[in-house]
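Novice: predicted model and sequence follow; I will ask about them next.
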Amino acid sequence: MGAVVVAVMGAALVTACSDAGASDSAASGGTTPVAGGTLTFAVATDSGCADPQQAGSADTAALRQVVDSLVDQDAKTGKIVPWLAESWTISADGKAFTFRLRPGVTFSDGTPLNAQVVKDNFDAVPKLGALAVQAESYLSGYVGTTVVDELTAKVEFAQPAVPFLRAASTSTLGLVSAATARKTPARRCRDGVIGTGPFVLSSYEQNKATTLTRRAEYAWGSPLWARPGAAYLDKIVFSVVPEAGVRTGSLVSGQLDVINGVGRADQAAIQDEVADLASYTSPGVGFNLGVNSARVPDKAVRQALLVAIDRPQVVSTVFPAGTRAATSVLTASTAGFEDLGSAMSHDPARARQLLDQAGWTSGPGGIRTKDGVPLRLTTVWFTNAAAYLPALELIQQQLKDVGVELVLKELQVSQFAQLLKSGDFDLFWGGNYRSSDPDALRTLYSTKLVNTYRIPVTELDEVLDQQAATVDEVQRAALVGRAQQLIVENAYVLPIVDNQIILGVAKDVHGPRFQAPGDISLHDTWKS
């Protein structure tokens, strides 16, 4: 078969997914940009790993500044544009992607970017282990990379890999040096990575702080950036500040420049003369309660949980203004989204009926029992944002109204990999899987991958595989819609809200940019 040629500013296999909630710049200013200074950026948690190909938390923007990607994606239009690759071709069968790299790009250790490094990166991903769930899913069916010449790499898959080009724009597949790729996964997490990005990782203290310093020689940024050369800022310090109130107070008092994880209660305090709010509704899978089907095998019980939750009440009570209640497992800004709100509408009478039919009868304290066992479900959660605990406490009340006891168990983000392996939960507060491609569904819900939720083998597997290999956009959209229907009908997951990233940004900070999957680029950022 012939190849589909993608010109330097072209796009292929990409459906534009405009997002009305996107902000091209997280803060604006009318003055002339100036170079220098230190940006202090507070986040709620640390993923526990300084390697973007393994990091399991979307709560920090640090690693995006250290690595560049083969391509970039416009957050407003979905268009794929060059970055480290100046052009590319895609085979007509969608199985091979040939990238022509930009000459003159170097890693911060002085080594050049070449086709062999691309091969080293992609060959290493399948060996990274449990923390690299997202990176490995992006390379599902990966056969290998051929070094065509010094600056040309051909990446091949066993089947059509429709989502790959979008995936290649993410920090998860950001390129690291050959020396980094050769390290063990544990050392990469502990030591950090060497990238081609506009900043260098100068220090990493787990659960405390990450410090980046500017690369003066940087000259190969994305065409979506405002500044072509080196970044403005000299240094960026990402500090872990778990308490939302402390983050907000420090921003308002001028001790911090940017904070992540802004909750509803903090919005009024931030929106004054000293700071602004910047938000972006990211595509992918929204916040949800994933159900461990092995521990909650009764479909009727799962369906009862689905309709017992009042999502609009959760949103209006807990989440920041502008947050959208989920109406599918995919967020509304994701290509292929299908509105299934009618199947998820709050209906406590229906929930009670389903539980009655499943043999769960009223017991002590209003909690249902069956064969003397109370309907008690343990939900694990991580403290990534201020809204999580109050959201879960409200859902706890809503489920109690139909006779279900929800027990909340807090874990640290560093325990994420262990949780995936053990499956020690009934419900898992998670999701927040940022992806501009609906193949996120396969990553999370295929039994052939990690299968965190212990979903049984069903028609869903075949549908998820088919959508990832279908080049025709109309046919693929139908398959993606069917996958969403199967997930919601079987209540494998209880969608709650769409992902909304909200930053508090000091008035003297200009130019942070949201990238398509929800990454935050600080290359164009400066302080007045």
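Specialist: Noted; the coordinates are in hand. Computed from a prediction, not measured in an experiment: that's the story for all the values here.
Novice: buried residues of the lengthiest helix in the chain, list them for me.
Specialist: For the chain, the longest helix by residue count, based on DSSP state H, is helix 473-489. For helix 473-489, burial by neighbour count (16 or more other C-beta atoms under 10 Å) applies to 476-488. Backbone N, C-alpha and C define where each C-beta goes, glycine included.
Novice: so which other helices or strands are in contact with it?
Specialist: The elements that helix 473-489 packs onto, with contact taken as 3 or more C-beta pairs under 8 Å, 6 or more residues apart in numbering; DSSP states H and E, are helix 341-344, helix 440-445, helix 459-469.
Novice: may I see the ones you listed arranged in a markdown table, with distance to residue 47, mean pLDDT and mean neighbour count as well?
Specialist: As requested, the helices and strands packed on helix 473-489 are arranged in a markdown table below (distance: least, C-beta to C-beta, whole Å; pLDDT from 0 to 100; neighbours: other C-beta atoms under 10 Å):
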| stretch | distance to residue 47 | mean pLDDT | mean neighbour count |
| --- | --- | --- | --- |
| helix 341-344 | 30 | 96 | 14 |
| helix 440-445 | 17 | 90 | 26 |
| helix 459-469 | 26 | 93 | 20 |
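Novice: ok and the following helix or strand past the longest helix of the chain relative to helix 473-489, angle-wise?
Specialist: Using DSSP states H and E, the helix or strand that directly follows helix 473-489 along the chain is strand 493-497. Counting by axes from the mean of the first three to the mean of the last three C-alpha atoms, to 10 degrees, strand 493-497 points 100 degrees away from the direction of helix 473-489.
Novice: what mean pLDDT does strand 493-497 get?
Specialist: For strand 493-497, mean pLDDT is 96.
Novice: so what's residue 377 up against?
Specialist: 296, 399, 404, 405, 406, 407, 426, 427 (C-beta atoms under 8 Å, 6 or more residues apart in numbering).
Novice: reformat these as a markdown table; add pLDDT.
Specialist: Converted to a markdown table, those look like this (pLDDT from 0 to 100):
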| residue | pLDDT |
| --- | --- |
| 296 | 96 |
| 399 | 98 |
| 404 | 98 |
| 405 | 97 |
| 406 | 96 |
| 407 | 96 |
| 426 | 96 |
| 427 | 95 |
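Novice: so which of the residues you listed is the closest to residue 492?
Specialist: Nearest to residue 492 among the contacts of residue 377 is residue 296, at 9.9 Å by C-beta to C-beta.
Novice: could you measure from the residue nearest the centre of the chain over to residue 50?
Specialist: The centroid of the chain falls nearest to residue 434 when counting by C-alpha atoms, centre = their mean (2.7 Å). According to C-beta to C-beta, to the nearest Å, residue 434 and residue 50 sit 19 Å apart.
Novice: next one: residue 252
Specialist: Distance from residue 252 to residue 50, by C-beta to C-beta: 30 Å.
Novice: the two: who's more crowded?
Specialist: residue 50 (24 against 19; other C-beta atoms under 10 Å).
Novice: about what we covered before: sitting in strands, which of the contacts of residue 377 do you find?
Specialist: Using DSSP state E, 405, 406, 407, 427 are the members of the contacts of residue 377 that sit in strands.
Novice: ok, and the closest non-adjacent residue to residue 393?
Specialist: Of all residues not flanking residue 393 in the chain, residue 408 sits nearest, at 7.5 Å (C-beta to C-beta, 6 or more residues apart in numbering).
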